[in-house]
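# Turn this into a structure:
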Amino acid sequence: VTLPQYSSRCWVYKITSKLSNQYRCLSSATNAFVMLCKSVANINRIESYLIITISTLLKSPWPEQCELGSTLVGALANQGDKTFPNLFEQCKPILIKAIESMPTCLQIDSNSTLEAIRSEASMQNICFSAMETVLQKYGNHHKSQNVIVDSHISTITKIWSDAFRRYNINLYDGIGGLQISPSSTSMRLLSTNCHAVISIGQDCLPSKLTPIIRALVTLIKNEESHSRSNTACCAIVQLILILQKSDDEQHSKVWKKIVTNMCGMACIHRLSDSIPKGYTRRGCRQAKIVIQMLIAQTSAAHTLQEIAPLWSRLNPLNCQVSANQSDTDILNAIVLMESISLSLKKDTKMCSHASSMMLPSITLLACTSPVAICRQVSVNIASKLCEIDTRNTMP
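Numbers count the residues shown, from 1 in each chain. As a prediction, this is how the structure comes out:
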């Protein structure tokens, strides 16, 4: 069939678009796969197939396969139901181990010799065909006990181990003597693992949350891909909301510290000449998104004052507080409030509280502040609040 001349250009555009937005394509394909799995959930042993496949992906020597496994777990967990409860129980220890200690695939990534061995065609043929072969054999079994599922996972990982052992590499016994250097691959994989753990829920959270928080914050500070960075922002907000519901006093301290750190970055104006040490422009931009998501997902019955770290930053705008506030504190509060105003909704306690407590000060700053940025941002906030709820904001 002869295609019109422009078709080749269209084809090239579609291919390059997919390559440049690889993570977005992966997320879309994953969501489609999850919808398919839910529609056939009643088919015999579908969960067992998923357990074998995803558990094996999470243990793969290839970071791309590990990330696919984590993305699938996160997508399945985000459905908010219990269609595949055994899958999450099986994957939890694998994911937590991958967060707390460097997974095998990243250890290989950090060594050029090991990476070259992994890239050999014969190695890839052996390892890539292992899962397909074992799954076909599993389909021939008439029983579905967990022991059979576990044995098939072990069979696949043993095939991989034996393939690497020919080069005197103990794949799952720890590849000693390697210095793991931070890279975009490690940053992305760890963040995806953290998102999967958070998506499963509070029961899956490890006792130490620092590795999870560090991985997600590192990504939003440095990631170039908006899709990946926004996913990390969603994970941070999910974690905050989970910890807010917890009765654990330590969890309360953790979520407040996370919000405090996000507020610190979100207070930096996009046109600021200097960025404080430890911050990045990407991180400051994404921190604003985290705050917006948090406000959007916080109950309409709550006020800004109930999110203590947030209110502390906004306090310079509180009309009931003394006017003796530093220019820096006022500017930081104004920049933060601009982000918040984008997520406020009409007829909510949070919106009415913000208007009554801060709009007088914001209006005054819009008219009298000697700082041009402060005046402009104040105008933006006042306009937004009036747009949201004209009746309660206009005199």
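# Can you point out the buried residues in stretch 103-123?
Neighbour counts using 16 or more other Cβ atoms under 10 Å place 103-111, 114, 117-118, 123 of stretch 103-123 among the buried residues. C-betas here are computed from N, CA, C, even on glycine.
# Now do it: distance from first to last residue.
As for stretch 103-123, its first-to-last residue distance stands at 19 Å under the measure Cα to Cα, to the nearest Å.
# Restricting to C-alpha, output stretch 49-66 in PDB.
Listed in PDB are the C-alpha atoms of stretch 49-66, where the atom choice follows Å, rounded to 0.1, in the frame of the first residue of the first chain:
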ATOM      1  CA  TYR A  49       0.200 -15.100  37.100                       C
ATOM      2  CA  LEU A  50       0.500 -11.500  38.200                       C
ATOM      3  CA  ILE A  51       2.400 -12.500  41.400                       C
ATOM      4  CA  ILE A  52       4.900 -14.600  39.400                       C
ATOM      5  CA  THR A  53       5.400 -11.900  36.800                       C
ATOM      6  CA  ILE A  54       5.600  -8.800  39.000                       C
ATOM      7  CA  SER A  55       7.700 -10.400  41.700                       C
ATOM      8  CA  THR A  56      10.100 -11.600  39.100                       C
ATOM      9  CA  LEU A  57      10.300  -8.200  37.500                       C
ATOM     10  CA  LEU A  58      11.100  -6.600  40.800                       C
ATOM     11  CA  LYS A  59      14.100  -8.900  41.200                       C
ATOM     12  CA  SER A  60      15.300  -8.500  37.600                       C
ATOM     13  CA  PRO A  61      18.900  -7.600  36.800                       C
ATOM     14  CA  TRP A  62      17.500  -4.900  34.400                       C
ATOM     15  CA  PRO A  63      16.400  -1.600  36.000                       C
ATOM     16  CA  GLU A  64      13.800  -1.100  33.300                       C
ATOM     17  CA  GLN A  65      12.100  -4.300  34.300                       C
ATOM     18  CA  CYS A  66      12.300  -3.500  38.000                       C
END
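# what does that stretch rub up against?
Identification of contacts with stretch 49-66 by Cβ atoms under 8 Å, 6 or more residues apart in numbering yields 37, 68-70, 72-73, 76, 84, 86-87, 90-91, 94-95, 98, 103-106, 108-109, 118, 127, 131, 134-135, 138, 149, 152-153, 156-157, 160, 164, 171-172, 185, 189, 193.
# Buried ones among these?
Buried among these (16+ other Cβ under 10 Å): 37, 68-70, 72-73, 76, 84, 87, 90-91, 94-95, 98, 103-106, 108-109, 118, 127, 131, 134, 138, 149, 152-153, 156-157, 160, 164, 171, 185, 189, 193.
# Filter those residues down to the ones in helices?
Judged by DSSP state H, the buried ones among the contacts of stretch 49-66 include 37, 68-70, 72-73, 76, 87, 90-91, 94-95, 98, 104-106, 108-109, 118, 127, 131, 134, 138, 149, 152-153, 156-157, 160, 164, 185, 189, 193 as members of helices.
# mind checking how far Ile96 is from Ala366?
Using Cβ to Cβ, to the nearest Å, one obtains 49 Å as the distance from Ile96 to Ala366.
# So which residue is smack in the middle of the chain?
Against the mean C-alpha coordinate of the chain, by Cα atoms, centre = their mean, the closest residue is Ala232 at 2.3 Å.
# How about the contacts made by that one?
Contacts of Ala232 by Cβ under 8 Å, 6+ apart are 191, 195, 216, 219-220, 223, 286.
# pLDDT value on it, please?
You'll see Ala232 listed with a pLDDT of 96.
# Please give the element, helix or strand, for it.
For Ala232, the host element (DSSP states H and E) is helix 226-245.
# then that helix to CSV, C-alphas only?
These are the backbone C-alpha positions of helix 226-245, laid out as CSV (Å, rounded to 0.1, in the frame of the first residue of the first chain):
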residue,chain,number,x,y,z
HIS,A,226,7.6,16.5,34.4
SER,A,227,5.7,13.2,34.3
ARG,A,228,8.1,11.5,36.7
SER,A,229,8.4,14.6,38.9
ASN,A,230,4.6,15.0,39.1
THR,A,231,4.3,11.3,40.1
ALA,A,232,6.8,11.8,42.9
CYS,A,233,4.8,14.9,44.0
CYS,A,234,1.6,12.7,44.1
ALA,A,235,3.5,10.1,46.2
ILE,A,236,4.7,12.8,48.7
VAL,A,237,1.1,14.0,49.1
GLN,A,238,-0.2,10.4,49.5
LEU,A,239,2.4,9.8,52.2
ILE,A,240,1.5,13.1,54.1
LEU,A,241,-2.2,12.1,54.0
ILE,A,242,-1.5,8.6,55.3
LEU,A,243,0.6,9.9,58.1
GLN,A,244,-2.0,12.5,59.1
LYS,A,245,-4.5,9.7,59.7
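# Could you identify the helix or strand that succeeds it?
The C-terminal neighbour of helix 226-245 among helices and strands, as given by DSSP H and E, is helix 249-266.
# Pull out the buried residues from that following helix.
In helix 249-266, residues buried by neighbour count (16+ other Cβ under 10 Å) are 251, 254-256, 258-259, 261-266.
# same question, stretch 234-254
By 16+ other Cβ under 10 Å, the buried positions in stretch 234-254 come out as 234-240, 242-244, 251, 254.
# Which neighbouring elements make contact with the helix or strand where Arg375 lies?
In the assignment (DSSP H and E), Arg375 maps to helix 372-388. Secondary-structure packing of helix 372-388 (3 or more Cβ pairs under 8 Å, 6 or more residues apart in numbering; DSSP states H and E): helix 327-341, helix 349-368, helix 390-393.
# Of all those helices, which one is nearest Gln202?
Judged by Cβ to Cβ, the one of the helices and strands packed on helix 372-388 that comes nearest to Gln202 is helix 349-368, at 24.6 Å.
# Put together TSV for the contacts of Ala232, with distance to Ser339 on each row.
Formatted as TSV, those follow (distance: Cβ to Cβ, whole Å):
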residue	distance to Ser339
Ser191	22
His195	22
Leu216	19
Leu219	20
Ile220	14
Glu223	19
Gln286	11
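# Buried ones among these?
191, 195, 216, 219-220, 223, 286.
# Now intersect these with the helices, please.
Counting by DSSP H, the members of the buried ones among the contacts of Ala232 that fall within helices are 191, 195, 216, 219-220, 286.
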